[in-house]
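Novice: no sequence on hand, only this structure:
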């Protein structure tokens, strides 16, 4: 285990920031400025179209692309042969119930959001999460409802350890497609492991099989609520693998900035 | 004396206002007009599929600058392409985007569109909106450029992901591996696939 961690750490610190846009030490001088400006004033940064001149497209560092593509195909089969049929059957359950389940899980993941907001010195966001948790657990009946979310001030803000690492300058590292979990990279993969420690499910006195089952249920519920996104991407993009790879990097970069 | 002063002040004030009245409506207003027009077309029950498609296409082409989007998508490859190749790409790209998104728009079923803030800097603007569904809120941001009096969209950002940046990355990769003609061939195939699947859906 220790050896694997050492290798992973080497990979993401040694390798040049893969997706330069999510590293503070960005590629070109003026774009480094753009990233810093984004931290203070998003208005200016959003107006800088980094493709105004024919600058090189932001390429995600993907040296193990054949392996990633293979896992991608595997995940695709898993989705169509297992996840989708189960989600389809489960869709018989009325939507409000499934939305409530999603809320419940989301509420459980408060520690992750809370701790990572603190780590990034986003005190107000951390306080927000605490408020949300209190309100949703009491008024929202153990988290099945999200009354807090109805107030603009208290909307949920996704934070995880991968974002914390990114905020402090870690580049994404090598792009990874994880079995079952989908697109990731070395930094965010490590983030997932670290966040596991903050997940209440880990500490329940239940068997490992039950924990996997809960995680699977979370996915089935999520897919039942959003059946279109993945299939639309498959249907519409010229190359779904490339689309998802790029969308993932952009999304992470955007989340880290926020 | 005071009256004269007041008269002059009101004249200045009024002429100042005229400036605002005469100037082009703000980007957010223009986006809203297009979205309303689209919703209007979707709600008309007496149009057949082709009429509706054409109507939607017309409204959309007036708000989206497909040539600008093409140039930004191809980036370096645009510079390398001949004028004929560029025109070919613009045509295919336009068709591809329409085939993709008009289908999605038609699946729209009264989700609420909320207009948030707009930011303007000289001839560029950013309009934030979001769509409200029972389970989630989807933020959609439009990036616009001023051409004359009209604000035209040159990029759409959904959940932090810029469409044009995404196309640029994917298409760039495809051009690297299969050349420009390879890209065009893939686009033509995809357009055909999308049109066929729509035909199939209609026949059901």
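Specialist: Good, I have the coordinates. This is a predicted model, so every value here is computed, not measured.
Novice: for chain B, which residue gets nearest to chain A?
Specialist: residue B:160 (2.8 Å; CB to the nearest CB). The way it works is simple: take the backbone N, C-alpha and C, and place the C-beta from them, glycine included.
Novice: the nearest residue to that residue once chain neighbours are set aside and residue A:116: what is the separation?
Specialist: If the residues on either side of it in the chain are set aside, residue B:160 comes closest to residue A:254, at 2.8 Å by CB to CB, 6 or more residues apart in numbering or on different chains. Here residue A:254 is placed at a distance of 16 Å from residue A:116 (CB to CB, to the nearest Å).
Novice: what number of residues lie near the closest residue to residue B:131 other than its chain neighbours?
Specialist: Leaving out its chain neighbours, the residue that sits closest to residue B:131 by CB to CB, 6+ apart is residue B:138, at 4.7 Å. Using other CB atoms under 10 Å in any protein chain shown, residue B:138 has 12 other residues around it.
Novice: residue B:138 in helix, strand or coil?
Specialist: Following DSSP: H, G, I helix; E, B strand; the rest coil, residue B:138 is assigned to strand.
Novice: what do you get for residue A:171?
Specialist: Per three-state DSSP, the secondary structure class of residue A:171 is coil.
Novice: pretty sure the residue nearest to residue B:160 contacts residue B:162?
Specialist: No - taking contacts as CB atoms under 8 Å, residue A:254 lies outside contact range of residue B:162: 9.0 Å.
Novice: more neighbours, the two?
Specialist: residue B:162 (23 against 17).
Novice: with adjacent residues omitted, what lies nearest to the more buried one?
Specialist: The spatially closest residue to residue B:162, leaving aside those adjacent along the chain, is residue B:155, at 5.6 Å (CB to CB, 6+ apart).
Novice: remind me what the helix or strand the one you found falls within packs against, helices and strands.
Specialist: Assigned by DSSP states H and E, residue B:155 falls within strand B:150-158. Counting contacts by 3 or more CB pairs under 8 Å, 6 or more residues apart in numbering or on different chains; DSSP states H and E, strand B:150-158 is packed against helix B:27-43, helix B:49-63, helix B:66-74, strand B:137-147, helix B:163-203.
Novice: now these in JSON lines, with distance to residue A:74?
Specialist: Putting those into JSON lines (distance: least, CB to CB, whole Å) gives the following:
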{"stretch": "helix B:27-43", "distance to residue A:74": "39"}
{"stretch": "helix B:49-63", "distance to residue A:74": "38"}
{"stretch": "helix B:66-74", "distance to residue A:74": "30"}
{"stretch": "strand B:137-147", "distance to residue A:74": "29"}
{"stretch": "helix B:163-203", "distance to residue A:74": "21"}
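Novice: stretch A:248-258: how far from the chain's middle?
Specialist: 9 Å (CA atoms, centre = their mean, to the nearest Å).
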